[in-house]
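Enquirer: Test case, fold it:
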Amino acid sequence: MNVKIVATRGCSHYLGLQHELMDMGVVCEVLFVEDHPDVVAAYSIRHSPNILVNDEVVFRGQPSPHELRQFFGKA
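Expert: Alright, predicted model coming up:
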């Protein structure tokens, strides 16, 4: 599973989101919109953070811990 967090550098939520995923054993990469305008255009990114799984947007905005566990099968 290829998991990416797409966020702005100033996003106050992406670090917590990254830690929640790590705590569940989900390896992820962080892509900053400032460095990846191609990703922003390809996925119509307008808010931060977003989660891509296998090149598909699965969350726009900050998901709850319950939503994350449910999606990643850790419920």
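Enquirer: Give me the residues contacting whatever helix or strand Leu15 lives in.
Expert: Leu15 belongs to helix 14-23 when elements are defined using DSSP states H and E. Applying CB atoms under 8 Å, 6 or more residues apart in numbering, the contact partners of helix 14-23 are 3, 5, 7, 27-28, 30, 48-49, 51, 62-63, 65, 68, 72. Where C-beta positions appear, they are placed from N, C-alpha and C, glycine not excepted.
Enquirer: Let me see the ranges of the helices in the protein.
Expert: Assigned by DSSP state H, the chain shows helices spanning 14-23, 37-42, 65-71.
Enquirer: export the contacts of helix 14-23 to a markdown table and tack on neighbour count, pLDDT and distance to Leu17?
Expert: Formatted as a markdown table, the contacts of helix 14-23 follow (neighbours: other CB atoms under 10 Å; pLDDT from 0 to 100; distance: CB to CB, whole Å):
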| residue | neighbour count | pLDDT | distance to Leu17 |
| --- | --- | --- | --- |
| Val3 | 15 | 98 | 11 |
| Ile5 | 22 | 98 | 6 |
| Ala7 | 25 | 97 | 8 |
| Val27 | 9 | 96 | 14 |
| Cys28 | 18 | 97 | 9 |
| Val30 | 16 | 97 | 9 |
| Ser48 | 20 | 95 | 10 |
| Pro49 | 24 | 97 | 6 |
| Ile51 | 26 | 98 | 8 |
| Gln62 | 19 | 94 | 7 |
| Pro63 | 18 | 95 | 8 |
| Pro65 | 13 | 92 | 10 |
| Leu68 | 21 | 95 | 8 |
| Phe72 | 18 | 93 | 12 |
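Enquirer: Find the nearest non-adjacent residue to Arg60, please.
Expert: In space, Arg60 comes closest to Asn50 once its chain neighbours are excluded; the distance is 5.3 Å by CB to CB, 6 or more residues apart in numbering.
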